[in-house]
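J.: no FASTA, just this:
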C-alpha cells in the first residue's frame, strides 16, 4: 500500500472517517489529563510563582504554531511537485488552526510576560518572529479567498508558504540565533540539564501530545470539509452548464 | 482551586483566552463541516434524481 493512495479524495474521506472518533477521544483524554494535572497538581515555581502554570498552554501552542506551518510547507511542496489536490487542501485546512495556535502563543506570552518582564510586549527576536508568522498565516488565508481559480490559488499560496517557512524556522531558532532578547531558551531539550524540572515536564509532555492530537483531529475534519466543498462547487458548475 | 496568589489574573486569563480561541475554532470547524455535508447531500440528491 502506498501513501499516495490517500491523495484520492474518496479514499482520504473514508480513512479519515475511521480515524476521527479515535483522534477525538485521545485528544480529549490527553488534554484533560495534562491540563488538570498541570493546573491543579503541580507546585509553584520558586522564581515565577503560579505563572508557571501558563507553560502547559503556551509551550504546546507555540510548538504547534511552528509545526503547523512546517506541515503546510510539506503538503504545499507535494502540490507543487505532484499536483495532488488533497495535499494542498490539507494545507488550506491547516492554516486557520496554525493561526489560532499562534494567537494563543502570543496572548499567553503577553499575559505571562507582563508580571515576569514588566511588559506585555517587547521587540524581542522570538516575539517579533512570532508576530510575523501570525501575519503570514493571515496573508495565506486571505490569498486563498482572494483568488477565484482554485488551482491558481493553490499555486500562489504554496509559494507564499515556501517564503513564510523562513519565518517559521526563525521563530523556532530565534533565541539561539540572537541571544539578546527577553525570551528564555527552549523549555524542552534533549539535553536534560536544559529541560524544565520533571514535576513540570511530565504534564507538559502530555499537554503537547494533546495539542498535536487536537491539530490532527481538526486537520482531518477541515480537510474533509474542503474536499466536500470542492466537489460541491464542481457539481454546481455542472448544473449551471446543463 | 489552587491558590494562584498575585498572579491569578495572568494565569486565569491565559487559560480563558486559550479556551475561547480553541473552542471557537472547534465549533467553527464542526459547523462548516455540517453545513458543507448537508449542501453536498442536497445537490447530489437533486442531480441523482435529474440523472436517473
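T.: It's in. Remember, predicted model here, so these are calculated numbers, not experimental data. Numbers count the residues shown, from 1 in each chain, chains lettered A, B, ... in the order given.
J.: So which residues on chain B come close to chain A?
T.: Applying C-beta under 8 Å from any C-beta of the partner chain, we find that chain B lies next to chain A at B:1-8, B:10-11, B:13-15, B:17-18, B:21-22, B:24-26, B:28-30, B:32-33, B:36-37, B:39-40, B:43-44, B:46-47. Glycine gets a C-beta too; all of them are placed from N, C-alpha and C.
J.: Which ones among the residues you listed lie within helices?
T.: Mapping the residues of chain B next to chain A onto helices (DSSP state H) picks out B:8, B:10-11, B:13-15, B:17-18, B:21-22, B:24-26, B:28-30, B:32-33, B:36-37, B:39-40, B:43-44, B:46-47.
J.: I would like a ChimeraX command selecting only the buried ones among those residues, please.
T.: This is how ChimeraX selects the buried members of those, with burial counted by 16 or more other C-beta atoms under 10 Å in any protein chain shown:
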select /B:10,11,13,14,15,17,18,21,22,25,26,29,32,33,36,40,43
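J.: what pLDDT does residue 52 get?
T.: The chain I'm using is chain A. pLDDT recorded at residue A:52 is 94.
J.: Can you look at chain B instead?
T.: pLDDT, residue B:52: 46.
J.: where does chain A have low pLDDT?
T.: For chain A, applying pLDDT under 70 flags the ranges A:1, A:6, A:174-182, A:184-195.
J.: quick one, helices of it?
T.: Ranges of helices in chain A, per DSSP H, are A:9-40, A:55-82, A:85-117, A:125-146, A:150-177, A:198-241.
J.: what angle separates the third one from helix A:198-241?
T.: Relative orientation of helix A:85-117 versus helix A:198-241 (axes from the mean of the first three to the mean of the last three C-alpha atoms, to 10 degrees): 140 degrees.
J.: ok now do residue A:241, which residues does it touch?
T.: For residue A:241, the contact set (C-beta atoms under 8 Å, 6 or more residues apart in numbering or on different chains) is empty.
J.: Let me know the distance separating it from residue A:233.
T.: Counting by C-beta to C-beta, to the nearest Å, the gap from residue A:241 to residue A:233 is 13 Å.
J.: Residue A:97 too?
T.: According to C-beta to C-beta, residue A:97 and residue A:233 sit 22 Å apart.
J.: Looking at those two, which one has more neighbours?
T.: Neighbours per residue, other C-beta atoms under 10 Å in any protein chain shown: of residue A:97 and residue A:233, the larger number sits with residue A:97, 26 against 13.
J.: Excluding sequence neighbours, find me the nearest residue to the more buried one.
T.: Closest residue to residue A:97 apart from its sequence neighbours, by C-beta to C-beta, 6 or more residues apart in numbering or on different chains: residue A:218 at 5.0 Å.
J.: mind listing what the one you found touches?
T.: A:93, A:97, B:25-26, B:29.
J.: ok, now residue A:214?
T.: A:27, A:31, B:22.
J.: doesn't residue A:212 make contact with the second one?
T.: No: between residue A:31 and residue A:212 there is no contact under C-beta atoms under 8 Å: 10.7 Å.
J.: Pretty sure residue A:170 sits against residue A:129.
T.: Yes: using C-beta under 8 Å, residue A:170 is in contact with residue A:129, at 4.5 Å.
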